[in-house]
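Student: Next input, structure requested:
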Amino acid sequence: MEQVDRAPRKRGAFITFEGGDGAGKSTHIRFLADALRSQGTEVVCVREPGGTHAGEALRRIVLDPQTKNLCDEAELFIYEAARAQVVAEVIEPALARGAVVLCDRFYDSTVAYQACGRGLDRAFVERANLFAARGLVPDRTVLMKSGASAARSLARATHSSGADRMEAAGLDFHERVNAAFDELESTAPDRVRTVVSSKTKARTAKLVFQAVADVVGWDADRLPFDDAYFEAANKIHGAGKSRRARGSRGGRHRGAKGPGGQSPAPKASKGGAQNKGAGGNRERSRARKRKGGEAS
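Tutor: Numbers count the residues shown, from 1 in each chain. Below is the predicted model of the structure:
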C-alpha cells in the first residue's frame, strides 16, 4: 500500500489577556476573535475560572458574594481546579487541532490576586499554577491597562450590576493586585505585551492586534485590516455585567455557547459592526465618552 506523507498538524496559538477589573479585556477578546474568524481561523474563547461544566460551577462558588468565610487557601485551589479542567478539556485539544485559543485570565491573575492580593506564598502559588496548567505556557499575554486608578477601574467594572466577591475585596486589595500587574511585563518580557487603553476602542484594538501579530501570523507593521475595520470597534460595546452571569469577571465565553461558538465578524466595509442592544448601550457609551477614556 502506498504511503502518503502528511505534514504534522500545526499547533495552534494560546493567547491570554490579563489586567485589573475594568481594563477592557472582554471587549478586545471579542474583537480579536471576530477578526481571526473573518480570515477562516478557528478561535476558541474561554475564561477563568470557567469554560467547562465543572469550571463554571466552581466559578459560581468563588465569585458569588454570598460565599462567606472562604479561606484564602480554598480560594486558590478552586481557581487551580477550574484551570486544570479547562486546560485538559478545552485548551489542549483546541491547540492540538490548530485553533487559536483566547483566554480571559490565566495563571498571571492567580499570582496577582491570590499571591499579591491575598498574601499567599508566591513560590507555592507559582508551583500550583504550573501543576494545574499541566506545564502549558501562553504564547503571548496581552496585559490590558485602563490608565485609571484602581478605584475608578472598579467603578467602571461594577456599574451595571454591582460587585462580585473578588471585586468586593476592597480598594487596598485591588491596589496590590494592580501593582502586581504593573510588574508582570518585566518578569516575562518575551511573553507579555502591555496595551494601555486609548480613548477609542479602535486605537486600542489596533494596539492589541499588533501585540499578538507575530503569534497569529500577521505583520505588525502591515496588519491585514484597514482603518475602517478598526473604526468598527468603536461600535462594539464591552460585554458588561448586564450581559453575563451574576458574579462573572469576564465576557461571554465558552460555557454559554459551547466550544468554538462563533459570533459574526464586524462588517466594517458596510458601515461598521452591528450595534446590538443599541438603546441602553448607546446611552452608556455616550456617558462614558463624556467622562473620557474607554470602557471595559
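
Student: alpha carbons only for contacts and neighbour counts from here, please
Tutor: Fine.

Student: can you list the weak-confidence ranges in the chain?
Tutor: For the chain, applying pLDDT under 70 flags the ranges 1-9, 147-162, 236-296.

Student: Helices of that one, start to end?
Tutor: 25-38, 53-63, 72-86, 92-96, 107-110, 122-132, 150-158, 171-182, 184-187, 201-216, 227-231, 278-291 (DSSP state H).

Student: For R140, which of those helices is the nearest?
Tutor: Nearest to R140, of all these, is helix 201-216, at 6.7 Å by Cα to Cα.

Student: Show me what counts as buried in the closest one.
Tutor: 201-213, 215-216 (16 or more other Cα atoms under 10 Å).

Student: Around the residue nearest to W218 when sequence neighbours are not counted, count how many other residues there are.
Tutor: Leaving aside its sequence neighbours, W218 sits nearest to P224 (Cα to Cα, 6 or more residues apart in numbering; 7.2 Å). By other Cα atoms under 10 Å, 12 other residues sit near P224.

Student: The helices of the chain: which one's closest to K10?
Tutor: helix 92-96 (7.7 Å).

Student: so what secondary structure elements neighbour that closest one?
Tutor: Contacts defined by 3 or more Cα pairs under 8 Å, 6 or more residues apart in numbering; DSSP states H and E place helix 92-96 against strand 100-104.

Student: what's the angle from the strand it packs on to helix 25-38?
Tutor: 170 degrees (axes from the mean of the first three to the mean of the last three Cα atoms, to 10 degrees).

Student: Could you list the paired strands of strand 100-104 along with their orientation?
Tutor: Using DSSP bridges, strand 100-104 pairs in its sheet with strand 13-18 (parallel), strand 43-47 (parallel).

Student: Bridged to the most centrally placed residue in the chain, which residues?
Tutor: When the chain is reduced to its mean C-alpha position, the closest residue under Cα atoms, centre = their mean turns out to be D104, at 2.4 Å. Beta-bridge pairing for D104 (DSSP bridges): F17, R47.

Student: 378 is where my numbering starts, stick with that
Tutor: With the count now opening at 378, the last piece we talked about shows up as D481.

Student: give me the number of residues near the residue nearest to R511 when sequence neighbours are not counted?
Tutor: Leaving aside its chain neighbours, R511 sits nearest to A461 (7.1 Å; criterion: Cα to Cα, 6+ apart). Residues near A461, counting by other Cα under 10 Å, number 18.

Student: Next: V488.
Tutor: 26.

Student: Also the one 4 residues further on?
Tutor: The local packing of A492 (other Cα under 10 Å) involves 22 other residues.

Student: swap in the one 4 residues further on?
Tutor: Taking other Cα under 10 Å as the criterion, the count of residues near G496 is 14.

Student: Might you report the residue contacts of it?
Tutor: With contact set as Cα atoms under 8 Å, 6 or more residues apart in numbering, G496 has no partners.

Student: Compute the distance between it and E450, please.
Tutor: 10 Å (Cα to Cα, to the nearest Å).

Student: Who does the closest residue to A410 other than its chain neighbours form a beta bridge with?
Tutor: Distances taken as Cα to Cα, 6+ apart place V420 nearest to A410, at 6.2 Å, with adjacent residues excluded. V420 has these beta-bridge partners by DSSP bridges: V477.

Student: from what I can see V420 touches R414, true?
Tutor: Yes: shown here, V420 and R414 form a contact pair, counting by Cα atoms under 8 Å, at 6.6 Å.

Student: next one: phi and psi at A597?
Tutor: With angles defined as degrees, to the nearest 10, A597 sits at phi -60, psi -30.
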